[in-house]
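[1] Build the 3D model from these lines:
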Amino acid sequence: MQLVGFPTRIGGRVTGERADPPEDVCDCQQMWPIWGALITAGLAEIVLILVERRTSSPMLPLELFSSSTFSAANVVGLLLNFGFYGQLFFINLFF
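    Below you'll find the predicted structure:
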């Protein structure tokens, strides 16, 4: 499911940043592929979680997230990665 969810989500974000409607006007014909990609990615991620909850040997046991230390470490790692990759994106724009 992540093979569908992650690339679709990234594709929706990149396409959304390139779609440049005129000022103060929403060009809905440019927005429907973006919303479609983001909704498809969200649904694929939900299906992945539901399937992983029912399997006997999941890739990552969801019980690990009941530990506050594990959850906090994952949130901190996620924020650091967002910052790092955001920095790489903006550095490429200006240099």
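[2] List the buried residues of stretch 40-57.
    Under the neighbour-count criterion of 16 or more other CB atoms under 10 Å, stretch 40-57 has T40, A41, A44, E45, L48 buried. No exception for glycine: its C-beta is placed from N, CA and C like everyone else's.
[3] Which single one of the residues you listed is nearest to L80?
    E45 (21.0 Å; CB to CB).
[4] and the closest one, what pLDDT?
    Looking at E45, its pLDDT is 92.
[5] how does this protein divide up, domain by domain?
    The record's domain parsing of the chain by automatic domain parsing lists 1-59, 62-95.
[6] one step back: with secondary structure as extra columns, can I get the buried residues of stretch 40-57 in CSV?
    Converted to CSV, the buried residues of stretch 40-57 look like this (DSSP: H, G, I helix; E, B strand; the rest coil):
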residue, secondary structure
T40, helix
A41, helix
A44, helix
E45, helix
L48, helix
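[7] worst average pLDDT in the domains of the chain?
    Averaging pLDDT over each of those puts domain 1-59 lowest, since it has a mean of 74.
[8] ranges for the strands of this structure?
    Applying DSSP state E to the chain gives no strands.
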